[in-house]
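**Student:** Below is the structure, and that's it, no one-letter string:
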């Protein structure tokens, strides 16, 4: 029983990285912007957060540094694609490649660094409940923050005027512009917010989930988060559930090894990448379903006055 509780707990922790990054990308895409640079932003945020914690011994400052790094790179991306009308896909790929190389260069001096040991997290009383305690109530606050972020984003997108404006910019920027809304400014703010969340995910990865720095440690999670937005058909709650699904697939492989199932490690390593591909292939069999939920102007430039 305890083994299954630990499996569920590790699934929530693994899914948190994907959920926070995917929620950020969801904000971008709701505004009509596709950012393929999530991998690079997460890597730069991971080293920024890790270096900050090494020097300050404060994990929360590491999160702030990671968010700042992600937002800064997203701002550069936003200027290029929103005001200079560069191709969103090519610019995102360039940002991803830049992040991979820049983080590797900056992180050379931190490969052997160690973070200060932190105490275990547990919610009083609830953390002592058999099975439910280790499974649900002994996690870092960031795990619960991911759930709160999901609820807040649902409320923002579907219960506020600002969320309606954001969605209208993604659906029909020309109509939003005709009504007097600053389309480019709204998209720019959405891109920065999305970059900050990707940065938070990267900082959480390097300072809490795997508290060390290794070159390329994001290991494709940025791409999985990008696929997750399509898998979830641009719905925040589905993003969270999908993140836990993909995180659970990854943890299940390690669980099988721990109980003595003889599975090649290479097969287990590829599970987290195969699962999104299989799921996307299944849902893509009904393109009408994707078109109904996909923001109409996603990936398309906006030319005021056109």
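**Tutor:** That came through, no problem. Note that the coordinates shown come from a computational prediction; the quantities given were computed from them, not determined experimentally.

**Student:** For residue 272, which non-adjacent residue is spatially closest?
**Tutor:** Setting aside the residues directly before and after it, residue 272 is nearest to residue 250 in space (C-beta to C-beta, 6 or more residues apart in numbering), at 4.2 Å. C-beta here means a position set from N, CA and C on the backbone, and glycine is covered the same way.

**Student:** where exactly do the helices run in the protein?
**Tutor:** Counting by DSSP state H, residue ranges of the helices within the chain are 2-30, 38-56, 59-78, 88-106, 132-136, 141-159, 161-171, 173-178, 183-204, 221-231, 236-258, 265-283, 287-293.

**Student:** Would you mind listing the residues in contact with the nearest residue to residue 38 once chain neighbours are set aside?
**Tutor:** Using C-beta to C-beta, 6+ apart and skipping residues adjacent in sequence, the residue nearest residue 38 is residue 222, 3.6 Å away. Contacts for residue 222 were tallied using C-beta atoms under 8 Å, 6 or more residues apart in numbering; they are 21, 37, 38, 39, 40, 41, 42, 43, 96, 198.

**Student:** Please apply the same query to residue 255.
**Tutor:** When the contact criterion is C-beta under 8 Å, 6+ apart, the partners of residue 255 are 3, 7.

**Student:** where are the low-confidence patches of the stretch 151-300 of the chain?
**Tutor:** Under the criterion pLDDT under 70, the flagged ranges of the stretch 151-300 of the chain are 257-261, 263, 265-266, 268, 284, 288-292.

**Student:** circling back: export the helices of the chain to JSON lines and append columns for distance to residue 114.
**Tutor:** Output for the helices of the chain, formatted as JSON lines (distance: least, C-beta to C-beta, whole Å):
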{"stretch": "helix 2-30", "distance to residue 114": "20"}
{"stretch": "helix 38-56", "distance to residue 114": "8"}
{"stretch": "helix 59-78", "distance to residue 114": "14"}
{"stretch": "helix 88-106", "distance to residue 114": "18"}
{"stretch": "helix 132-136", "distance to residue 114": "26"}
{"stretch": "helix 141-159", "distance to residue 114": "20"}
{"stretch": "helix 161-171", "distance to residue 114": "42"}
{"stretch": "helix 173-178", "distance to residue 114": "48"}
{"stretch": "helix 183-204", "distance to residue 114": "17"}
{"stretch": "helix 221-231", "distance to residue 114": "23"}
{"stretch": "helix 236-258", "distance to residue 114": "23"}
{"stretch": "helix 265-283", "distance to residue 114": "25"}
{"stretch": "helix 287-293", "distance to residue 114": "45"}
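
**Student:** Can you tell me which of those is nearest to residue 113?
**Tutor:** helix 38-56 (5.0 Å; C-beta to C-beta).

**Student:** list the buried ones in that closest one?
**Tutor:** Along helix 38-56, the positions that meet the burial threshold by neighbour count (16 or more other C-beta atoms under 10 Å) are 38-54.

**Student:** same deal with stretch 231-239?
**Tutor:** Using 16+ other C-beta under 10 Å as the test for burial, stretch 231-239 gives 231, 232, 234, 235, 236, 238, 239.
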